[in-house]
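In: From the sequence below, what's the structure:
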Amino acid sequence: MIFDLDGLLIDSEPIWREVEIRVFGDLGVALTDDLCRTTMGLGVDEVVAHWFARAPWSGPDLPAVATTIVSEVVATIRARGTMMPGVEHALALVESLRLRRAVASSSREILIAAALERMDLVGAFDVVISAEHEPFGKPHPGVYLTAARRLGVSPEECVALEDSPNGVAAAKAAGMRCIAVPERGSVAEGAQNAHVVAGADVVLQSLADLVEAHLDA
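Out: Next up is the predicted model:
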């Protein structure tokens, strides 16, 4: 089982949007929650490059902006990050089935470490992989292929759990089955979730709904 991090294990997507709106706003790039949702699942470097291509700014270069965003997100997660519903249930189920567990995230290692520490999940996964060390982030399948290799199994033997269109696309491109848990309660929920659901093999409202039959199927 390979878990995404942001928006699946930890409720960090609102934090990302909050920080991105503030940091990009200071650069003269006016973003909204819904605009931020269009880059969900991408690495921070891809997000910064995406908005720079559409609204170039003068001042700090792209790596500096990415570093600022990561630093603020890490600080906020450490202060008030919360675990998503059903995480403990899902991990207990996977443990009972004696399946190996991995995290495969677009986020940088420093953020993954902060999130796992905040949730008291350090050591809960056999493998933790960041796309920071991949040539390309999601929706490229690289981070998932690396996770499978580190787990010692073929991609076809893996089930990925995701919450974003880019994440689902990455898992499916890697040749994995994918269970989607789309973000709930957003204004753009219908359109956003349609993209997530379209590529997924199973769709759940919460990780609390995960049962053995989903994995057998």
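In: can you give me the strands for the chain?
Out: Using DSSP state E, the strands of the chain run over residues 2-3, 102-105, 127-130, 159-162, 177-180, 202-203.
In: Now those in JSON lines, please, with extra columns for mean neighbour count, distance to residue 52 and mean pLDDT.
Out: For glycine as for every other residue, the C-beta is placed from the backbone atoms N, C-alpha and C. Converted to JSON lines, the strands of the chain look like this (neighbours: other CB atoms under 10 Å; distance: least, CB to CB, whole Å; pLDDT from 0 to 100):
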{"stretch": "strand 2-3", "mean neighbour count": "26", "distance to residue 52": "30", "mean pLDDT": "98"}
{"stretch": "strand 102-105", "mean neighbour count": "28", "distance to residue 52": "23", "mean pLDDT": "98"}
{"stretch": "strand 127-130", "mean neighbour count": "22", "distance to residue 52": "22", "mean pLDDT": "98"}
{"stretch": "strand 159-162", "mean neighbour count": "26", "distance to residue 52": "26", "mean pLDDT": "96"}
{"stretch": "strand 177-180", "mean neighbour count": "24", "distance to residue 52": "30", "mean pLDDT": "96"}
{"stretch": "strand 202-203", "mean neighbour count": "17", "distance to residue 52": "34", "mean pLDDT": "92"}
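In: Dump the ones you listed into a markdown table; add distance to residue 37 as well.
Out: What follows is these, written out as a markdown table (distance: least, CB to CB, whole Å):
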| stretch | distance to residue 37 |
| --- | --- |
| strand 2-3 | 20 |
| strand 102-105 | 18 |
| strand 127-130 | 22 |
| strand 159-162 | 14 |
| strand 177-180 | 15 |
| strand 202-203 | 18 |
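In: May I have the lengthiest helix in the chain as CSV, with CA atoms only?
Out: Secondary structure of the chain per DSSP state H: the longest helix is helix 62-80. Taking Å, rounded to 0.1, in the frame of the first residue of the first chain, the C-alpha atoms of helix 62-80 are listed here in CSV:
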residue,chain,number,x,y,z
LEU,A,62,11.8,30.9,-8.3
PRO,A,63,13.9,28.7,-5.9
ALA,A,64,13.7,31.4,-3.2
VAL,A,65,9.9,31.6,-3.5
ALA,A,66,9.6,27.8,-3.3
THR,A,67,11.8,27.8,-0.2
THR,A,68,9.6,30.5,1.4
ILE,A,69,6.4,28.5,0.7
VAL,A,70,7.9,25.3,2.1
SER,A,71,9.2,27.0,5.2
GLU,A,72,5.8,28.6,6.0
VAL,A,73,3.9,25.3,5.3
VAL,A,74,6.3,23.4,7.5
ALA,A,75,5.9,25.9,10.4
THR,A,76,2.1,25.8,10.1
ILE,A,77,1.9,22.0,10.0
ARG,A,78,4.1,21.8,13.1
ALA,A,79,1.8,24.3,14.8
ARG,A,80,-1.7,23.1,13.8
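In: and that helix, what other elements does it pack with?
Out: Judged by 3 or more CB pairs under 8 Å, 6 or more residues apart in numbering; DSSP states H and E, the packing partners of helix 62-80 are helix 13-26, helix 44-54, helix 109-118.
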